[in-house]
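Undergrad: predicted model and sequence below, questions to follow.
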Amino acid sequence: MPQQRTGEAHGFPSSKLSILRKHPYFADLEAEAFEQLCRYAKHSTLKRGATIFSKGDPGVSLFAVISGTVKISISSPDGRSAILNLIGAGEIFGEIALLDGSARSADATANSNCELFTIDRREFIPFVRSQPGLAMKFIELLCTRIRWTSDQVEQIILQNLPGRLASALLRLSEKHKSAPQGRTIAITQQEISEMVGMTRESINKQLRAWAARDWVRLEHGAIVVLNAEMLREMAEAGAGHEGD
């Protein structure tokens, strides 16, 4: 993984360590256990476009995003790609291969300039074994990932274009639902087209129709959800004409 700066996380400013402490899977750790976790964490910075890991790589690390966004994706030999998830600040990724010791199931790329904490599997697995409550939380995380993937497959197979796009926007905006100015999703139209299996042209047409109704606002490199209830109705209906 490309790294511009690395070092022991223990001793970094509390604002960075709070990313780990505030995460729901680490928040309940006793102070001594959290200190131990921090000693394992290594800090790194990456430029946009940097490869964090590739599908098939050994799963030797867990990652926590301090700032920026990480893209989890897969690609075909002919160059087509699909985005499985976008991981933002305060979230963790890489847990599947880390826990089962198998190869990475997807690619992870810095979707913007990023800061990460990395914890090596050789240290993390014994740590989890010593913290049964943490092990249960990681089971919950894996279940969440499975549900996310299942929802994506269901939407692509069963929903029409507006329904798929509405479902994707709602799913992504849930991470930002408390923001007073609306739910801002840092994603381009090309990226969301790769997430829902639609052309960029179709995405643009649908988003402009919704922007005219004040359901969303289009910004450079971002989409702001203004009327989640109307999008939810569109997602639940799952049928209709493009532009509805």
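TA: Yep, that arrived.
Undergrad: wait, doesn't E95 sit right on E140?
TA: No. Applying C-beta atoms under 8 Å as the test, E95 and E140 come out as separate, 11.1 Å apart. All C-beta atoms are positioned from the backbone trio N, CA, C, and that covers glycine.
Undergrad: neighbour count for the two, which is higher?
TA: Using other C-beta atoms under 10 Å, the more surrounded residue of E95 and E140 is E95, with 17 against 11.
Undergrad: tell me the phi and psi of that one?
TA: phi -80, psi -30 (degrees, to the nearest 10).
Undergrad: identify the bridge partners of the spatially most central residue of the chain.
TA: Closest to where the C-alpha atoms of the chain average out (C-alpha atoms, centre = their mean) is I87, at 2.2 Å. On the basis of DSSP bridges, I87 is bridged to V70.
Undergrad: ok, then the element right after the worst-scoring helix or strand of the chain on mean pLDDT?
TA: Taking mean pLDDT, DSSP states H and E as the measure, the helix or strand of the chain with the lowest value is strand 7-8, at a mean of 46. Using DSSP states H and E, the helix or strand that follows strand 7-8 in sequence is helix 14-22.
Undergrad: for the helix or strand following that next one, which positions count as buried?
TA: Of the helices and strands lying after helix 14-22 in sequence (DSSP H and E), the nearest is helix 31-40. Across helix 31-40, burial judged by 16 or more other C-beta atoms under 10 Å covers 33-34, 36-38, 40.
Undergrad: contacts for helix 31-40 next, please.
TA: Contacts of helix 31-40 from elsewhere in the structure, counted by C-beta atoms under 8 Å, 6 or more residues apart in numbering, are 8-10, 17, 20-21, 26, 29, 119-120, 123-124, 127, 130-131.
Undergrad: biggest helix in the chain by residues?
TA: Across the chain, the longest stretch assigned as helix under DSSP state H is helix 132-158.
Undergrad: let me know the angle separating that helix from helix 31-40.
TA: Angle of helix 132-158 versus helix 31-40, following axes from the mean of the first three to the mean of the last three C-alpha atoms, to 10 degrees, is 60 degrees.
Undergrad: isn't the residue nearest to the centre of the chain up against V70?
TA: Yes. Counting by C-beta under 8 Å, I87 does reach V70; the two are 4.3 Å apart.
Undergrad: can you pull the residues that touch both of these two?
TA: Common neighbours of I87 and V70 are listed as F93 (criterion: C-beta under 8 Å, 6+ apart).
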